[in-house]
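Student: only geometry, no sequence info:
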């Protein structure tokens, strides 16, 4: 019997993370450049899920800028790659999964420390969002 289920691709825990994200030079499906301020949904060491008002081109790159709450002055800037896009339950919006590209080691450590601190506060649970595809 052939198992057609797609394997879980998620390689790191994620937490709920509803923070502002500045999106710069993203590519829309028609190839035009797009920048906006939006909200994240969740965060992991390798990427994040954001709620976008327009559909981005899968495999395209953009710059994301966001802050980690509780870490004074710590702004994370990273090139990201769009890995999947699906319509959101919120009409006219798109759940967009991205991975971080070439994130500096210090910023990787900062994100990891933030995530583990949040997971510890939740008794070791990462609060995954079961309604979104893996990234």
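Tutor: Thanks, I have it. Here the structure is a predicted model, which is why all the values come from computation and not from measurement.
Student: avg pLDDT for stretch 105-114?
Tutor: Per-region confidence: stretch 105-114 scores 91 on mean pLDDT.
Student: so which bits of it are buried?
Tutor: Buried residues in stretch 105-114, counted by 16 or more other Cβ atoms under 10 Å: 107, 110, 111, 114. C-beta coordinates here come from the backbone N, C-alpha and C atoms, glycine included.
Student: and the third one, which helix or strand is it part of?
Tutor: Under the criterion DSSP states H and E, the helix or strand holding residue 111 is helix 105-121.
Student: elements contacting that helix?
Tutor: strand 14-16, strand 33-44, strand 75-87 (3 or more Cβ pairs under 8 Å, 6 or more residues apart in numbering; DSSP states H and E).
Student: now do the helix or strand following the longest one: distance to the chain's middle.
Tutor: The helix or strand immediately downstream of strand 75-87 is strand 94-101, counting by DSSP H and E. Centroid displacement of strand 94-101 relative to its chain, using Cα atoms, centre = their mean, to the nearest Å, is 5 Å.
Student: try stretch 42-57
Tutor: For stretch 42-57, the distance to the chain centre is 4 Å (Cα atoms, centre = their mean).
Student: and the end-to-end length of it?
Tutor: 20 Å (Cα to Cα, to the nearest Å).
Student: list the buried residues of it.
Tutor: 42-52, 54-57.
Student: now do that stretch, average pLDDT.
Tutor: pLDDT averaged over stretch 42-57 gives 96.
Student: and stretch 14-22, by the same measure?
Tutor: For stretch 14-22, the mean confidence score works out to 93.
Student: quick one: it to chain centroid distance?
Tutor: Distance, stretch centre to chain centre, for stretch 14-22: 7 Å (Cα atoms, centre = their mean).
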